[in-house]
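In: the sequence and its predicted three-dimensional model are supplied below.
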Amino acid sequence: MDKKSKPSILERLNQSFGPLIGAIILDLVDLATFGPLGIGGFVLGVLIGWWILSVYDISVRTRTILAVLAGVYCLAPFTEFIPVATLISAIARYKQSSKKKDDPK
């Protein structure tokens, strides 16, 4: 897709809500797996983290590191009742939206 063509509705929805919905899902996976008791939480955390990060313009190496950290977050004890992923995603989207308005493009 070239830069002048408009993104589809699905692409726009994923760009707008995908990271926040993904973060909520990541927090729910963390809650459901109860820390180190569920190794499946690590795998799901990595996959969901990768999906969340797919909307950002970052390198594959950085995306891989952050996705692994999302998996570790789902594996770490005592994080089940703290919606860290949702808070970080909401703050990131808020800051990103203010940068777009300041952008002279």
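Out: Okay, I see it. Numbers count the residues shown, from 1 in each chain.

In: tally of neighbours for Y94?
Out: 9 (other C-beta atoms under 10 Å). From N, CA and C alone the C-beta is placed, and that goes for glycine too.

In: quick thing: my sequence starts at 39, can you match it?
Out: Noted, 39 is the first residue going forward, which turns the last one into Y132.

In: tell me which element it is part of?
Out: Y132 belongs to helix 122-140 when elements are defined using DSSP states H and E.

In: quick check: chain neighbours aside, which residue is closest to the most centrally placed residue in the chain?
Out: For the chain, the residue nearest the mean C-alpha position is I90 (3.1 Å; C-alpha atoms, centre = their mean). Nearest non-adjacent residue to I90, counting by C-beta to C-beta, 6 or more residues apart in numbering: G60, 3.8 Å away.

In: need the residues that contact the particular helix or strand that has the one you found in it.
Out: Assigned by DSSP H and E, G60 belongs to helix 47-71. Helix 47-71 is contacted from outside by 45, 76, 78-79, 82-83, 86-87, 89-90, 92-94, 108, 111-113, 117-119, 121-124, 126-128, 130-131, using C-beta atoms under 8 Å, 6 or more residues apart in numbering.
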